[in-house]
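Enquirer: I'd like to go over a predicted model; first the sequence, then the structure.
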Amino acid sequence: MFKAYIYKIAIRYFFSRDSKTIVNRINGFAFLMIVAAACVLLVVLSAFEGLKDFGLFYTNSFDPDYKIVPKNGRYLFINEEGIEKLQGINGVVGVSGVIEEKSVFSNELNSGAAILKGVEPDYHLNKTLDSVSLIGVFSPSKKDALYIGAELASSLEVVLSEEFSLLTTTPKNSSNTLFGFSPFISKQFDIEGIYQISSDIEKKYVFTSLSSLASLTGAQKGAYTSVELFSKNSSLDINLTEWIYDQLGLKVNVLTKQDLNPALYKMLNTENLAVYIIFSLVALIAMFNLVGSLTIMIVEKRRDLRILKSLGGEKNDINQVFFLLGVVTSFFGGIVGVVLAWLIILLQNSYSLILVPGTSIPYPISFTFSNVSIVLTTIIVLGLITSFWSTSGLKEG
């Protein structure tokens, strides 16, 4: 345990100025380097957090919070009573049964593949889908009409007119393929609109009404490839898989947003970790200035140490004084660095000082308390390590 006077001496050494200018400069430079390391680390983590949120915005806008899929088989059979029970779960704001089928879209000149998604007229994301319309509108109640992404529409040379349509081919619900019976079924679909959001989504999804797709594939009423849930919060208070089995008797798998895009989230998490490690090493290099500062302080305060020893102080007490001095310097340097980073982030969010290269979009940056705690913990832990290393071999002069 540290004795009371050790704290007082360490704090006094931190705030007092030495009579020699060179000592003050070395101590000030060490403190400023810690401030800079904390500031840069938080700004970089916040910038990456902003980019992560910006990138996930487009994906999350099309993904449900939870996607219920059958454990076995192609379709999940659930009646209106089951849908109502799901809607009654605390925190759930929307429940929609959907049918998704890998389909081929073709005309006389071009063809392309995407997922044809049939949705109900009260689908929870209808307003979101309509808001990204480039041409036309999204009407999930319209029969045999497609709402197609701009990227796919461009490759198929789609024209929005009454004369233009796409031959849509999907697998049949029946698997009967004897003697020339095709496992696929085709039908002409009109184009009701083209949406634009991001090339990945535009190439992946084509939307139509649930009734049109069910009619095309021969799916029975109440048969869905998945049921999508939208919630107020990022997590529900219940185990959804067990609840569905207990209440509805269905064996299902429940997928979250992360489960729907595992490669994307894994890439973002890996990049985030890599950025943190790289700039933590930069912070560690900055901490070597603390080693030099403590060494100079030990030399300069040798006379004070002799007085402390003559008053009954032990060798370990002397070590603890400078160890605490290093920790205090790291702590205050981290705090000042975090405040400075917060001001930089505030300026960027308020005045858009930096734009994404080649665009007029402000560079996204997100200030989170989790990143603040990560930065402070990193700086303090590095301060503990360097302070211990600096004072562990301290000998009396």
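Expert: Okay, I see it.
Enquirer: all helices for the stretch 1-150 of the chain, in order.
Expert: Taking DSSP state H, counting those that start in this stretch, the helices of the stretch 1-150 of the chain run over residues 4-15, 21-62, 80-87, 126-131, 150-155.
Enquirer: other SSEs contacting the longest one?
Expert: For helix 21-62, the helices and strands in contact under the criterion 3 or more CB pairs under 8 Å, 6 or more residues apart in numbering; DSSP states H and E are helix 199-204, helix 262-300, helix 315-351, helix 369-391. In short, each C-beta sits where N, CA and C put it, glycine included.
Enquirer: Mind putting those helices into JSON lines with distance to residue 49 and mean pLDDT?
Expert: Shown next, in JSON lines, are these (distance: least, CB to CB, whole Å; pLDDT from 0 to 100):
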{"stretch": "helix 199-204", "distance to residue 49": "21", "mean pLDDT": "91"}
{"stretch": "helix 262-300", "distance to residue 49": "8", "mean pLDDT": "89"}
{"stretch": "helix 315-351", "distance to residue 49": "10", "mean pLDDT": "91"}
{"stretch": "helix 369-391", "distance to residue 49": "6", "mean pLDDT": "94"}
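Enquirer: And the helices of the stretch 1-150 of the chain: which comes nearest residue 349?
Expert: helix 21-62 (9.0 Å; CB to CB).
Enquirer: Tell me how many other residues crowd residue 15.
Expert: 8 (other CB atoms under 10 Å).
Enquirer: Could you do residue 267 as well?
Expert: Residue 267 has 12 neighbours, counted by other CB under 10 Å.
Enquirer: got the contact list for it?
Expert: Contacts for residue 267 (CB atoms under 8 Å, 6 or more residues apart in numbering) come out as none.
Enquirer: which stretch among the helices of the stretch 1-150 of the chain comes nearest residue 343?
Expert: Among the helices of the stretch 1-150 of the chain, helix 21-62 sits nearest to residue 343 (CB to CB), with 9.3 Å.
Enquirer: For the closest residue to residue 210 other than its chain neighbours, list each beta-bridge partner.
Expert: Nearest in space to residue 210, with sequence neighbours left out and distances taken as CB to CB, 6 or more residues apart in numbering, is residue 118 at 4.1 Å. Beta-bridge pairing for residue 118 (DSSP bridges): residue 99, residue 208.
Enquirer: Residue 162 and residue 145, how far apart?
Expert: 11 Å (CB to CB, to the nearest Å).
Enquirer: More neighbours: these two, which one.
Expert: When neighbours are counted by other CB under 10 Å, residue 145 comes out ahead of the other of residue 162 and residue 145, with 20 against 7.
Enquirer: who touches the more buried one in this structure?
Expert: By CB under 8 Å, 6+ apart, the contact set of residue 145 is 139, 189-192, 208-209, 212.
Enquirer: could you redo the last one with a cut-off of 7 Å?
Expert: Residue 145 sits next to 139, 189-190, 192, 208 when contact means CB atoms under 7 Å, 6 or more residues apart in numbering.
Enquirer: And residue 325, by the same measure?
Expert: For residue 325, the contact set (CB under 7 Å, 6+ apart) comprises 10, 13-14, 294, 297.
Enquirer: Using TSV, please lay out the contacts of residue 145 together with distance to residue 358, pLDDT and neighbour count.
Expert: Shown next, in TSV, are the contacts of residue 145 (distance: CB to CB, whole Å; pLDDT from 0 to 100; neighbours: other CB atoms under 10 Å):
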residue	distance to residue 358	pLDDT	neighbour count
139	35	87	15
189	37	96	23
190	37	95	16
192	33	93	22
208	35	96	25
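Enquirer: Which ones among the residues you listed map onto strands?
Expert: Residues of these located in strands (DSSP state E): 189-190, 192, 208.
Enquirer: now, which of those residues sits nearest residue 59?
Expert: residue 208 (21.2 Å).
Enquirer: Break the chain into its domains for me.
Expert: 4-59+264-391, 65-257 (automatic domain parsing).
Enquirer: between those domains, which has the poorest average model confidence?
Expert: Ranked by mean pLDDT, the domains of the chain bottom out at domain 4-59+264-391, with a mean of 86.
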